[in-house]
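K.L.:
Next comes the sequence, and after it the predicted model I'd like to discuss.
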Amino acid sequence: NAGVTQTPKFRILKIGQSMTLQCTQDMNHNYMYWYRQDPGMGLKLIYYSVGAGITDKGEVPNGYNVSRSTTEDFPLRLELAAPSQTSVYFCASSLWTESSYEQYFGPGTRLTVT
Amino acid sequence: AQTVTQSQPEMSVQEAETVTLSCTYDTSENNYYLFWYKQPPSRQMILVIRQEAYKQQNATENRFSVNFQKAAKSFSLKISDSQLGDTAMYFCAIRLMDSNYQLIWGAGTKLIIKP
């Protein structure tokens, strides 16, 4: 059971480039999330999804886009990368029931924009 | 807006000692969950312990326990018999029952266990 997987682990982008961070979970979780973690800070929610075909903005969505065409996959798209997007990105998933609310995290992607 | 404050940026203790990490939060809601997550150097986020706000009994998980003071909006984590593998960043987080299921995170406490 792989849990939540993310690719790539590391990436360096030039200003203005675009890329997609991949996230896949094999736990049949309905909820998925994208966070960013800046140095010395906690996580901030970028986007989340409550199920296939449904996405919504979190706290810091500007400069990002997401899609959720399947239950398993939740890619994060960066358009026109900026230095302010240098961060570590975490994908997470959870199964929302009355008694289950833990979020399971992927290993993260370290992105540097120069 | 909800906020989570961890006032200790860094702590260090000797192996086998007990250490307490503090966390305070601010919310006007009555129903929520509180979490402590551990982030070792591998960067993986690992759930350590959780507490439902409606439960008065403090949660425990082996060497980890919490002191949940709802009126004071305080949620501290106690690690007993600390081990070298406990060295990590520790994050406190709150999840409201009526929110869009997002976690609000503190800035973290770096815990170093010295041999």
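P.N.:
Noted; the coordinates are in hand.
K.L.:
CA atoms for contacts and neighbours, from now on please.
P.N.:
OK.
K.L.:
what packs against the helix or strand of chain A with the lowest mean pLDDT?
P.N.:
Least confident helix or strand, chain A: strand A:104-105 with a mean of 90, by mean pLDDT, DSSP states H and E. Here strand A:104-105 touches strand A:87-94, going by 3 or more C-alpha pairs under 8 Å, 6 or more residues apart in numbering or on different chains; DSSP states H and E.
K.L.:
hang on, the earlier thing: contacts for the least confident helix or strand of chain A next, please.
P.N.:
Applying C-alpha atoms under 8 Å, 6 or more residues apart in numbering or on different chains, the contact partners of strand A:104-105 are A:3-4, A:90-94, B:44-46.
K.L.:
what do you get for stretch B:42-53?
P.N.:
So stretch B:42-53 is contacted by A:102, A:104-108, B:30-39, B:58-61, B:64-65, B:68, B:70 (C-alpha under 8 Å, 6+ apart).
K.L.:
same thing with stretch A:68-81?
P.N.:
Contact partners of stretch A:68-81, identified using C-alpha under 8 Å, 6+ apart, comprise A:13-26, A:28-30, A:32, A:34, A:49, A:51-55, A:63-67, A:113.
K.L.:
Pull the contacting residues for the spatially most central residue of chain A.
P.N.:
Nearest to the centroid of the C-alpha atoms of chain A, with distances taken as C-alpha atoms, centre = their mean, sits residue A:34, at 2.8 Å. Counting by C-alpha under 8 Å, 6+ apart, residue A:34 makes contact with A:45-48, A:76, A:89-92.
K.L.:
Quickly list what it is bridged to.
P.N.:
residue A:47, residue A:91 (DSSP bridges).
K.L.:
which SS class is the residue of chain B found nearest chain A?
P.N.:
Closest approach of chain B to chain A (C-alpha to the nearest C-alpha) occurs at residue B:107, with a separation of 4.3 Å. Under DSSP: H, G, I helix; E, B strand; the rest coil, residue B:107 falls in the coil class.
K.L.:
do residue B:38 as well
P.N.:
Relying on three-state DSSP, one would call residue B:38 strand.
K.L.:
so what's the closest residue to it other than its chain neighbours bridging to?
P.N.:
In this structure, residue B:38 finds its nearest non-sequential neighbour in residue B:90, 4.6 Å apart by C-alpha to C-alpha, 6 or more residues apart in numbering or on different chains. Beta-bridge pairing for residue B:90 (DSSP bridges): residue B:38, residue B:109.
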